[in-house]
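Student: Build me a model from this:
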Amino acid sequence: MTVLWDQLNFTTITSANITAFTHADDFVLQNASTLTSLSAMLTDDVSNNNGVLDSFSGTLSWGIYSNNAGSPGTLLFSGEGTPALTDTGQQDFYNNDIVRADLTLTTAVVLDAGTYWLALHEGAWGSPSDASVVWWQQAPSFGSVVQYSDPSPTTWTPNAIVSDTSFSLTGRLTYVVTTLADVVDANDGLLSLREAIAAANADAGSDGITFAAGLSGGTIRLALGTLLISDELTIDGDINNDGAPDITITGDVNGDDTLVTGSTSISNIVASATAGTISDNVRALSSTSDLTINGLVITGGNAGGGQGGGIFSDANLDLSHSVVAGNTAFHYGGVRVGGVATIADSTISGNVAAQFGGGIGGLTELNLTNVTVSGNSAGTFYGGAGTNGDLNVLNSTITGNIAGTAVGGIVAPGGTVTLTNSIVLGNPAIGNINSSEVASTNPIVYTGLNIVGVGSDTNASDGVINASSLDAVFASVALNPFTGVLSGVLADNGGGIPTVALAPSATNPALDASNTSAPATDARGVSAFDIEGIGATGSVPGIRDLGAYELVAQPPVITDLPAPLQIDENTTGVLATLAATDADSSSLTWSLAPAGAGNSNGAFAITASGQLSLVTAQDFETSPSVNVEVVVSDGLFNTTRTFAVTIGDVNESPTQIVATGTGAGGAVELVETAANGTLVADLSTIDPDGNPDPTTPTTFELVDALGNVIGPTETPFRINGSQLVVDIDETIGTAGYPLDYAVSSSIVAHVRATNGAFSIIQDVTVAVQRTTGIDGGGNQFQVSYDTTDQFDWMTTTYYTSNGGAGRLWDVQQVNDDGSSQRTVYFDPADPYAQQTSYRNAAGELTDVQTLYGDGHGDRTLYDPSDNFDWSSYAQYLRAASPGGPLEVYDEIGNWDADYAGNPGGHWRNIYDVGDQSAEYDRIYISYDANWVMQSQTIYYDDGLVQEVRY
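Tutor: Numbering: from 1, shown residues only. Purely as a prediction, here's the structure:
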């Protein structure tokens, strides 16, 4: 409606209006209003009666202030613009032209009932401190607030003006509903919706209705019947201006409607040719004038045998940010529009028509933008939406609707369907007369890209493709609770307007696929969200998804673990079941990142559900921590995260015993004359925990081949800490001398190493070396070793001694200083036989048959009776003088030459230490011209083998 304040009929005698004089005047609003335009009378400051404002700059600025005790208070709204000027044909008192200026307020001015001040000023609007801005000062003579200005003002000065300014403000009167009760009571001090509509009907022109903040979330139950609208009206139920409905209007008088899941009914409303009444329900809204609805939920309406159970309009309808759901009628279960219907950012769902038009029907043009039409049903024709004129569908989603005979989705039987960036999917017709989801008398026009029906058409060149399946497009697919049709699930996805969410999949053809005609936001107010590399537009930013829902896909967020990942070395197993959250998808798939830096891939495995396992055992000593990089995907975005897995250190068994001997290169060897306590080898282990193990000490012990610990009499060795040493007694038992090369050239020690709970046994082989010596001239000589103790002159190999190390077995040939040979033959059979070796059972050295001298002839020492016994007959043999006879040094210290052989040559320093025991004789032989007994030159007779040690 138009609201006029002050002088409608200004006088040319007393009124001076603008330019020469700028005024601030008060006005009173009886009701809340939305002001949209301004008209004011302007006068010229020159006396040219030419019908124009000669000095007008072209800009008119305005400000509206609160009232502060009869003067302008706080600036509430301001603006400026170029007004349309109309000559009134009149002049003021000074014969200045009076021109009407009409200006549209570009700023929405919404005011509650009360007193306000309007200030007008030629030129741009400034600030109160600006000298050019309107300011107010009470003129004492006339009681009016005026300001005077020259055509080019520099200062403002008070000036008495006869009258107030003449102006008018035009706008829409707004009624504020203060109660949810459906009552008419002029005396209750409250304003009901029904009362507000009645007042607006009575007030000519466009009016508005809003709701008090305290009513947000409330429901108005139409106990007094349908709300009847007869004058242009805007009802705004979005109290907090967030794009979501805050008020519900229901025709369910008694509040007993019940949603029957999986059927096509609301309580007793059934989609059939005979249904169409609910005894206690009424149609919600009926309008014969243009109606604008914003932010309402209209539900439970029933038109009986008529049309438009939720909304019936014979004029134009503008519906936004609203929900029309659960209404019924004979035709057009949800909405029926006789004029042009413009529906945006809204949802039409669960409505039922006994005949045609389950969701919405029109008689002329129907425009749907960001609209979801879901779960509506018609007994015969088009379950979703249709009109006799053109049907224009932009970025809308049509799914889950059903018709009894033909066209479950949308239709324009008298016009053209134009689909742009929309989805029509899962809308069957039971009768199969026309089972198409979209139908039109004229050819259907597809612009942008549209998805219609399930099929195999993927060629987008004609603007339309099929979906391979419903779940290839929709995030969730189920039987529609209203129609029982398999369709995309209608849900609260934010924004207060139910929508059908899109599947967050890189293969979803609906994502980032709109053209540039798409609205900037979806039905919920969500702006276009670009997903890199997805959709027909690739990486072009600002491109909407198809339909009424914009997928704002957020990457999955991997949940922190309650404790660090840890597993002991040398083991495998499940580490943890990883978790992630995703605002857009409940379907997440886990995998391992490709092997690379920071990722010990190959050692791990993960299931699609996130169970992470170590499949290759790790070694703490190699690395006390390993990393695994995992990936979780929601189909569009991947989130990676690297987890550190701590490898626990456990005690491990040694793998090898290492014996480091005293020989060259650490060889484990000793001479057979080694003394008690002689170091044989240092013992250590190769241990995975370290060499040595830094946490668990390793001990060593000698065992037998079965692993039993052995005593000192069972081995020629003992272990001191980590050392293997000789452990022998000078008096050896019947088993023979243990370090005897004649017995074996090596001795095996079974060593057990124990480390905590682990132990290993390993053989340590000790090589036994013969002794060597030096001849009388101090020269090195060759020695032949026959390890079988059977002398064979032709086959026995010669070995060169190594200067003192080693042992001399079976002395067979001694090369002196090059001038002669010395040869000893042993005859085991005792007969005189020069070519055979000799060793008898008792082990005596008998029948030393021939000593090849140094050129003086043969010298022979033998026992003719073959009963030679060193201990019985002699202790020492010698030549009394060079070339003299051999002499025997008897036990009492006298020399006796009884055993002297042929003269010439001498056998030196043969002596017997005597019987040390019943079985062991030690006979010393020294080739030392100085007759020095060397303790290391021992002849040892063990009863089996004869040795000469040097």
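Student: buried set for stretch 230-245?
Tutor: For stretch 230-245, a neighbour-count test (16 or more other C-beta atoms under 10 Å) marks Asp231, Glu232, Leu233, Thr234, Ile235, Asp236, Gly237, Asp238, Ile239, Gly243, Ala244, Pro245 as buried. (Each C-beta comes from the backbone N, C-alpha and C, glycine too.)
Student: Not counting its neighbours along the chain, what's nearest the third one?
Tutor: The shortest distance from Leu233 to any residue other than its chain neighbours is 5.2 Å, reached at Ala200 (C-beta to C-beta, 6 or more residues apart in numbering).
Student: picking up where we left off before, same list, the buried residues of stretch 230-245, but as a markdown table with distance to Ala478 please.
Tutor: Below are the buried residues of stretch 230-245 laid out as a markdown table (distance: C-beta to C-beta, whole Å):
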| residue | distance to Ala478 |
| --- | --- |
| Asp231 | 44 |
| Glu232 | 42 |
| Leu233 | 39 |
| Thr234 | 37 |
| Ile235 | 34 |
| Asp236 | 34 |
| Gly237 | 30 |
| Asp238 | 30 |
| Ile239 | 33 |
| Gly243 | 27 |
| Ala244 | 24 |
| Pro245 | 25 |
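Student: Nearest to Leu191 among those?
Tutor: Lowest distance from Leu191 to the buried residues of stretch 230-245 (C-beta to C-beta) belongs to Ile235, with 13.3 Å.
Student: List the buried residues in stretch 710-723.
Tutor: By 16+ other C-beta under 10 Å, the buried positions in stretch 710-723 come out as Thr715, Pro716, Phe717, Arg718, Ile719, Ser722.
Student: circling back: check the gap between the residue nearest to Leu233 and Asn388 for me.
Tutor: From Ala200 across to Asn388, the span is 30 Å (C-beta to C-beta, to the nearest Å).
Student: Neighbour count for the two, which is higher?
Tutor: A count of neighbours by other C-beta atoms under 10 Å puts Ala200 above the other of Ala200 and Asn388, at 28 against 17.
Student: In three-state terms, label that one for me.
Tutor: helix (DSSP: H, G, I helix; E, B strand; the rest coil).
Student: Can you give the domain ranges for this structure?
Tutor: Domain assignment for the chain by automatic domain parsing gives 2-174, 192-479, 557-648, 656-769, 771-950.
Student: Closest to Leu551 out of the buried residues of stretch 710-723?
Tutor: Using C-beta to C-beta, those come closest to Leu551 at Ser722, 71.2 Å.
Student: So the closest one is in contact with Leu683, correct?
Tutor: Yes: Ser722 lies in contact with Leu683 (C-beta atoms under 8 Å); the separation is 4.7 Å.
Student: any shared contact partners between the two?
Tutor: Here Ser722 and Leu683 share the contacting residues Phe700, scored by C-beta atoms under 8 Å, 6 or more residues apart in numbering.
Student: following the longest strand seen in the chain, which helix or strand comes up?
Tutor: If you go by DSSP state E, the chain has its longest strand at strand 97-111. Proceeding C-terminally, strand 97-111 gives way to strand 114-122 as the next helix or strand, assigned by DSSP states H and E.
Student: Can you report how many residues neighbour Asp693?
Tutor: For Asp693, using other C-beta under 10 Å, the count is 18.
Student: Can you classify it by secondary structure?
Tutor: Put simply, Asp693 is coil when judged by three-state DSSP.
Student: gap between the nearest residue to it once chain neighbours are set aside and Leu75?
Tutor: Of all residues not flanking Asp693 in the chain, Asp687 sits nearest, at 4.8 Å (C-beta to C-beta, 6+ apart). Counting by C-beta to C-beta, the gap from Asp687 to Leu75 is 87 Å.
Student: what about these two, which has more around it?
Tutor: Between Asp687 and Leu75, Asp687 has the larger neighbour count (other C-beta under 10 Å), namely 23 against 15.
Student: who's in contact with the more buried one?
Tutor: Glu652, Ser653, Pro654, Thr655, Asp693, Thr698, Asn755.
Student: so which of those comes closest to Ala213?
Tutor: Glu652 (73.3 Å).
Student: count of residues packed around the closest one?
Tutor: 20.
Student: quick one: it from Val703, how far?
Tutor: Taken as C-beta to C-beta, the span from Glu652 to Val703 is 21 Å.
Student: for the closest residue to Gly648 other than its chain neighbours, what are its contacts?
Tutor: Using C-beta to C-beta, 6+ apart and skipping residues adjacent in sequence, the residue nearest Gly648 is Asp568, 4.0 Å away. Asp568 makes contact with Ile647, Gly648, Val650, according to C-beta under 8 Å, 6+ apart.
Student: Highest neighbour count among those?
Tutor: Result: Ile647 is most packed of the contacts of Asp568 (other C-beta under 10 Å), 22 neighbours.
Student: Can you list the strands that the helix or strand hosting that residue pairs with?
Tutor: Element membership for Ile647, per DSSP H and E: strand 638-648. When pairing is defined by DSSP bridges, strand 638-648 lines up against strand 565-568 (parallel), strand 625-633 (antiparallel).
Student: May I see the buried residues of it?
Tutor: Of the residues in strand 638-648, Thr639, Arg641, Phe643, Val645, Ile647 count as buried by neighbour count, 16+ other C-beta under 10 Å.
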